[in-house]
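Chemist: dropping the sequence and predicted coords here.
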Amino acid sequence: MNKASPAAAGSIGRYRWRVCAMLLAATTINYIDRQVLGVLAPFLQHEIGWSELEYGYIVIAFQAAYAIGLLCAGAVIDRFGTRIGYALAISIWSLAAMGHALAASVLGFIVARFALGLGEAGNFPAAVKTVAEWFPKRERAFAVGIFNAGSNIGAIAAPLMVPVVAVAWGWQAAFLCTGVLSATWLAVWLARYRSPEQHPKLSPAELAHIRSDPPESTVKVPWLRLLRHRQAWSFVAAKFITDPVWWLFLFWLGKFLASKYGLSLAKIGPPMIVVYLMADFGSIAGGWLAGCFVRLGWNLNRARKGAMLVCALCVAPVALVTQVDNLWLAVGLIGLAMAGHQGWSANVLTLPSDMFPRQTVASVVGIGGFAGAVGGMAMSLFTGAQLQSTGSYGTIFLIAGSAYVVALLVVHLLAPRLEPARFELPRAPGS
């Protein structure tokens, strides 16, 4: 593997990191858009008059659409390319986000959330494919970690900005403002983004650096044919087993802190901000760690799985959080787990580009994302049933703490060397 010296690295150019910054901005907006409803839910529940069960239907509408969208978005993005595919996705979610302002009933919010889920599902397949196009393999986990940090930035930004906008101009304005953010990003993306080979601002040296990996297969691969390969199932399994833990944190963390430590709405903000800041750090550090291992001379398989193991071990202590009486110790354990998850995700989201050609990456990411969303829905149902019957989070956090070690074992069994998937050339008729 070619390694550039620091001096040489400086002369290569850094335009690829500007592209990564655009992916970070898109992911941040993605999470702001999806979090607006959660921030406004208590007020809207009174304003619209929905029940707890009806709010559950609204949440499930987003999750179901997100799962369906992930299954389809990857194939669409691989078909039309990242520039057009990403633009289609963000156009749908921008319109859907603003469409919430027109909703005046439970059904209206269900339709808006479903449309938002379909559009937002395109973000991660498009972003990961963009990274595969713009970065050599040794830099991809770090780049993914950077843009994936936007999920935490968005989760922090939404509760800071949405109430201010809603109080000043009404709740409809909050949905309109976040939709405008998406539309603004779309305009910048269409104006500035091109593939590396077509980009006028990319130097020949940086293009050579981006394409420094061995040549990849250019065989066109049908969507279903990807599932014939163990490498695809290793990614699907990793997402199915561990994505539900992130959904658990997104939907149940506030309820856990409130019930366990008696936090009011006014006091729950600082602990939530701390855990998401820790998650931000974990996202970047997890991707950096894999690159660090590569620079130490480890091969890609050992470096990727070594970083995943470190992240898995960071999550494990969260199994004990229900036994902790001190709020800030609990926040530390949860924050460490969320940091571990995001570092894990930075590496897991890189697996498709490690093992599949660039033209199939978005499809593989979409299939895995679908599995993760289905797992997330199952986790939500299990969590609700468990709390309804026992009132205890003990089993729930035990599952969360052990999921990553189990997932790493499954990944290793299915892809022991992270070897690239092999695709045969189609035979000519009559041969």
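Modeler: That came in fine, so what should we check first? Numbering: from 1, shown residues only.
Chemist: would you mind listing where this protein has pLDDT under the threshold?
Modeler: Applying pLDDT under 70 to the chain flags the ranges 1-10, 42, 52-53, 216-220, 223, 264-266, 424-431.
Chemist: neighbours of Leu263, how many?
Modeler: 18 (other C-beta atoms under 10 Å). All C-beta spots, glycine's among them, are computed from the backbone N, C-alpha and C.
Chemist: no no, Ala371
Modeler: Ala371, neighbours per other C-beta under 10 Å, totals 22.
Chemist: residues contacting the residue nearest to it when sequence neighbours are not counted?
Modeler: Nearest non-adjacent residue to Ala371, counting by C-beta to C-beta, 6 or more residues apart in numbering: Phe240, 4.1 Å away. When contacts are counted by C-beta atoms under 8 Å, 6 or more residues apart in numbering, Phe240 touches Gly368, Ala371, Gly372, Val374, Gly375.
Chemist: in terms of helices and strands, where is Phe240?
Modeler: helix 230-261 (DSSP states H and E).
Chemist: let's verify Pro416: helix, strand, or coil?
Modeler: coil (DSSP: H, G, I helix; E, B strand; the rest coil).
Chemist: now it. Nearest residue, chain neighbours left out?
Modeler: Asn301 (7.9 Å).
Chemist: pull the contacting residues for Ala403.
Modeler: Ile241, Thr242, Pro244, Val245, Val315.
Chemist: and for stretch 251-264, what's in contact with it?
Modeler: With C-beta under 8 Å, 6+ apart, stretch 251-264 has contacts from 59, 268, 271-272, 275, 322, 327, 330-331, 334, 380, 383, 393, 396.
Chemist: between those residues, which is nearest Tyr31?
Modeler: Met272 (13.4 Å; C-beta to C-beta).
Chemist: does the closest one touch Asn152 like I think?
Modeler: No: when contacts are counted by C-beta atoms under 8 Å, Met272 is not listed as touching Asn152 (10.8 Å).
Chemist: these two: who's more crowded?
Modeler: Per other C-beta under 10 Å, whichever of Met272 and Asn152 has more neighbours is Asn152, with 26 against 18.
Chemist: so the more buried one makes contact with Ile284?
Modeler: No: look at Asn152 against Ile284 with C-beta under 8 Å: they stay out of range, at 10.0 Å.
Chemist: got any residues that touch both of these two?
Modeler: With C-beta under 8 Å, 6+ apart, Asn152 and Ile284 have no common neighbours.
Chemist: returning to what we had before: quick check: the gap between the residue nearest to Ala371 and Cys314.
Modeler: Note on Phe240: its distance to Cys314, by C-beta to C-beta, to the nearest Å, is 20 Å.
Chemist: swap in Met377?
Modeler: Taken as C-beta to C-beta, the span from Met377 to Cys314 is 25 Å.
Chemist: neighbour-wise, which of the two wins?
Modeler: Set side by side, Met377 and Cys314 show more neighbours around Cys314, with 25 against 17, by other C-beta under 10 Å.
Chemist: Ala337 is in contact with that one, correct?
Modeler: Yes: using C-beta under 8 Å, Cys314 makes contact with Ala337 at a distance of 6.7 Å.
Chemist: which residues touch the residue nearest to Pro416?
Modeler: Pro416, Arg417, Leu418.
Chemist: by neighbours, which of those residues wins?
Modeler: Counting by other C-beta under 10 Å, top hit in these: Leu418 with 19 neighbours.
Chemist: how about that one, what does it touch?
Modeler: Going by C-beta under 8 Å, 6+ apart, the list of residues near Leu418 reads Gln231, Leu300, Asn301, Arg304, Lys305, Leu351, Asp354, Met355.
Chemist: distance check, the fifth one against Val294.
Modeler: Which is Lys305. Taking C-beta to C-beta, one finds Lys305 at 12 Å from Val294.
Chemist: picking up where we left off before, closest one of the contacts of Leu418 to Pro125?
Modeler: For those, the nearest to Pro125 is Leu351 (13.5 Å; C-beta to C-beta).
Chemist: so how far is Gly366 from the nearest residue to the closest one once chain neighbours are set aside?
Modeler: Computed as C-beta to C-beta, 6+ apart, the closest residue to Leu351 that is not its neighbour in sequence is Phe235, at 5.0 Å. Per C-beta to C-beta, Phe235 is found 11 Å from Gly366.
Chemist: same question for Val294.
Modeler: 27 Å.
Chemist: what does Arg230 give?
Modeler: From Arg230 to Gly366 the distance is 18 Å (C-beta to C-beta).
Chemist: before we move on, what about Pro204?
Modeler: 33 Å.
Chemist: just want to know which of these two has more residues nearby.
Modeler: Taking other C-beta under 10 Å, Pro204 and Gly366 do not tie; Gly366 has more neighbours (29 against 8).
Chemist: on contacts alone, who are the packing partners of the helix or strand that contains that one?
Modeler: Secondary structure from DSSP H and E places Gly366 in helix 361-390. Identification of packing neighbours for helix 361-390 by 3 or more C-beta pairs under 8 Å, 6 or more residues apart in numbering; DSSP states H and E yields helix 52-80, helix 123-134, helix 230-261, helix 351-355, helix 394-414.
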